[in-house]
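Asker: Just to be clear, the model below is a prediction. Sequence and coordinates:
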Amino acid sequence: MKIDKGLMTGSTTLLILKLLSEGEKYGYEMIRELARRSENAFELKEGTLYPILHDLEDKGCVEAFTQETSGGRQRRYYRITQKGMGLLRDKTEEWRYFAGKVNGVLGGATVAPGLA
């Protein structure tokens, strides 16, 4: 099922912060991991991901650094900061509240496993 971009817009920052809370990642790795975990429901484009990462970096929520790969290429990695962890907690709480209210309107549907 295709997900409305409006629904994705409100949750993308939360999803990126969640991935980074689990460890440092580079951009394509985040795109691939989101697709894998969501069974391809979340197929982010680089043009969507990088502006979000740059905004989070400007706000002090993530840090970027360059690291050389085994093939000698330079790759830009991102890691979450303490400020980013606080934003992740806030966004997670906001999402759970929102999902609960939507589910209440839909007739008591429960939150999907792993979101509660």
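Answerer: Perfect, thanks for sending it.
Asker: where does this structure dip in pLDDT?
Answerer: 108-116 (pLDDT under 70).
Asker: And the helix ranked longest in it, what's buried?
Answerer: For the chain, the longest helix by residue count, based on DSSP state H, is helix 82-105. Neighbour-count burial for helix 82-105, counted by 16 or more other C-beta atoms under 10 Å, picks out 84, 87-88, 91, 95, 99. The way it works is simple: take the backbone N, C-alpha and C, and place the C-beta from them, glycine included.
Asker: any idea how far stretch 47-56 is from the chain center?
Answerer: In terms of C-alpha atoms, centre = their mean, to the nearest Å, the centre of stretch 47-56 is set 10 Å apart from its chain centre.
Asker: same question, stretch 5-15
Answerer: 8 Å.
Asker: quick one: buried residues of it?
Answerer: Going by 16+ other C-beta under 10 Å, stretch 5-15 has these buried residues: 11-15.
Asker: Specify which member of the residues you listed is nearest to Leu44.
Answerer: Thr12 (7.1 Å; C-beta to C-beta).
Asker: would a markdown table of the buried residues of helix 82-105 with distance to Ile3 be doable?
Answerer: Formatted as a markdown table, the buried residues of helix 82-105 follow (distance: C-beta to C-beta, whole Å):
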| residue | distance to Ile3 |
| --- | --- |
| Gly84 | 25 |
| Leu87 | 23 |
| Leu88 | 21 |
| Lys91 | 18 |
| Trp95 | 15 |
| Ala99 | 14 |
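Asker: Filter the buried residues of stretch 5-15 down to just the ones in helices.
Answerer: Residues of the buried residues of stretch 5-15 located in helices (DSSP H): 12-15.
Asker: Return the member of the residues you listed nearest to Ala35.
Answerer: Proximity of those to Ala35 (C-beta to C-beta) peaks at Leu15, which lies at 11.1 Å.
Asker: list the contacts for the closest one?
Answerer: With C-beta atoms under 8 Å, 6 or more residues apart in numbering as the criterion, the residues that contact Leu15 are 34, 42.
Asker: again with Gly104
Answerer: Contacts of Gly104 by C-beta under 8 Å, 6+ apart: none found.
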